[in-house]
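Enquirer: sequence-free structure coming up:
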């Protein structure tokens, strides 16, 4: 009886699965790596890519995280000759036809896998978070709000703000001090300010003899800032210090990527014209005694080779009178452009920032404007602005993700 009970108890003990790595050479040029008792699919790597990414000190400089392989003598016909797997250390060892030997950690191989899911995860989150486009009616749902002091003091809040800004193109900070140094401190919390013709910080208020259309109290039509720059400043930081008490002075925002989405689907010929026809954008004037004449030629809708949006250019005041296209293309372009402008104007969301609010948005993506307002000595509007570049923002965001040890998701809206 006792022996029978013992056998029954032992039968309920689960023997732990021993996962052993295996590797093999495929078609002389590829290496396949797989845990032998795992349901996960095998990872396949091109041999030439593995050789190019050898992590030994002769091929890779660890402190600078840079390849030091001598490509003046790199053999593109290199192939793996023998493999050895160290299951305890989770390492793959390869001897190559050029008499070199390499060791690869399995964690590194997994994180650099060629499988579609791994590549998609890397491209759509770590490289650059995937954008989500929105109609104006959804603004209150997508516009995340953060406390200024938390963003300035807590890395997790900083990460959430930058991530929301990357995904939706807009985010607001509340409770900032009412001093002109806020935009600089916020920019330096991320990296550094992008300087332009108009300096580093700039003041948006009604000015006599204004050299820029924004420095008037008239209605400011929807536009992107500085389309006449080849390397257009990427993100606007607008700190409301004083807000007009008149009915005007409201911000207008439009996700131009959403408008472009609609054009692509509903009016493909208009989309084609606006994405292929180069337009001359210019800015002529002077600031602090220095004259300037900036020009850049680019379509309204700029695309990369995959058809993804890279930037939107739109500013009626800054559209040059030079239009270097064939005569027959002029009228159709104007009709397409008019449709784009009309759709954007109808979709614009209007809201009014209050003193202490900091509005941040993607200048490559969003159109912004302002309703007109009465400007008097006792009723003024005072906004301090600055720019950041996406290269600096994305760099900071990746550092934060590594430091905090998590891949961040879009935070919930704070009411």
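Expert: Thanks, I have the structure now. Since this is a predicted model, take the numbers as computed values, not measurements. Numbers count the residues shown, from 1 in each chain.
Enquirer: just checking, next helix/strand downstream of the worst-scoring helix or strand of the chain on mean pLDDT?
Expert: The helix or strand of the chain with the poorest confidence is helix 2-11; it has a mean of 46 (mean pLDDT, DSSP states H and E). If you walk from helix 2-11 toward the C-terminus, the next helix or strand you reach (DSSP states H and E) is strand 21-26.
Enquirer: quick one, helices of the stretch 201-350 of the chain?
Expert: Ranges of helices within the stretch 201-350 of the chain are 256-266, 268-276, 330-347, based on DSSP state H, counting those that start in this stretch.
Enquirer: how about the contacts made by residue 279?
Expert: The contact partners of residue 279, taken as C-beta atoms under 8 Å, 6 or more residues apart in numbering, are 297, 298, 299, 300, 313, 319, 320, 323. The way it works is simple: take the backbone N, C-alpha and C, and place the C-beta from them, glycine included.
Enquirer: what pLDDT does the second one get?
Expert: Read that as residue 298. Per-residue confidence (pLDDT) for residue 298: 98.
Enquirer: number of nearby residues for it?
Expert: Burial of residue 298 is recorded as 20 neighbouring residues (other C-beta atoms under 10 Å).
Enquirer: how close does it get to residue 274?
Expert: To residue 274, residue 298 is 11 Å away according to C-beta to C-beta, to the nearest Å.
Enquirer: on that earlier part again, now the buried members of the contacts of residue 279.
Expert: Burial by neighbour count, 16 or more other C-beta atoms under 10 Å: within the contacts of residue 279 this picks out 298, 299, 300, 313, 319, 320.
Enquirer: how about the third one, what does it touch?
Expert: Read that as residue 300. 274, 275, 277, 279, 312, 313, 314, 337, 340.
Enquirer: same question for the fifth one.
Expert: Contact analysis of residue 319 by C-beta under 8 Å, 6+ apart lists 279, 280, 281, 282.
Enquirer: for stretch 131-138, which positions count as buried?
Expert: Neighbour-count burial for stretch 131-138, counted by 16+ other C-beta under 10 Å, picks out 131, 133, 134, 136.
Enquirer: again, but for stretch 91-100
Expert: Burial within stretch 91-100, assessed by neighbour count using 16+ other C-beta under 10 Å, is assigned to 91, 92, 94, 96, 100.
Enquirer: give me the neighbour count for residue 254.
Expert: By the criterion of other C-beta under 10 Å, residue 254 has 26 neighbours.
Enquirer: from residue 283, how far off is the residue lying closest to it once chain neighbours are set aside?
Expert: Nearest in space to residue 254, with sequence neighbours left out and distances taken as C-beta to C-beta, 6 or more residues apart in numbering, is residue 367 at 4.3 Å. When C-beta to C-beta is the yardstick, residue 367 and residue 283 sit 17 Å from each other.
Enquirer: which one's more surrounded, the two?
Expert: For residue 367 against residue 283, the residue with the higher neighbour count under other C-beta under 10 Å is residue 367, and the figures read 25 against 22.
Enquirer: now name the helix or strand holding the more buried one.
Expert: With the criterion set as DSSP H and E, the secondary-structure element containing residue 367 is strand 366-370.
Enquirer: that strand: what's the following helix or strand?
Expert: Note on strand 366-370: by DSSP H and E, the next helix or strand toward the C-terminus is strand 382-388.
Enquirer: same for that following strand, what does it pack against?
Expert: helix 182-190, strand 202-204, strand 235-242 (3 or more C-beta pairs under 8 Å, 6 or more residues apart in numbering; DSSP states H and E).
Enquirer: domain ranges for this structure, per the record?
Expert: Residue ranges for the structural domains of the chain, counted by automatic domain parsing, are given in the record as 21-114, 127-404.
Enquirer: can you tell me which of the buried ones among the contacts of residue 279 are in strands?
Expert: Counting by DSSP state E, the part of these found in strands is residue 298.
Enquirer: JSON lines for the buried ones among the contacts of residue 279, including distance to residue 66?
Expert: As requested, these are exported to JSON lines (distance: C-beta to C-beta, whole Å):
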{"residue": "298", "distance to residue 66": "33"}
{"residue": "299", "distance to residue 66": "36"}
{"residue": "300", "distance to residue 66": "39"}
{"residue": "313", "distance to residue 66": "36"}
{"residue": "319", "distance to residue 66": "43"}
{"residue": "320", "distance to residue 66": "43"}
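Enquirer: nearest to residue 247, of the buried ones among the contacts of residue 279?
Expert: residue 319 (29.4 Å; C-beta to C-beta).
Enquirer: any idea how far the closest one lies from residue 303?
Expert: Here the distance between residue 319 and residue 303 works out to 20 Å (C-beta to C-beta).
Enquirer: do residue 34 as well
Expert: The spacing between residue 34 and residue 303, counted by C-beta to C-beta, is 39 Å.
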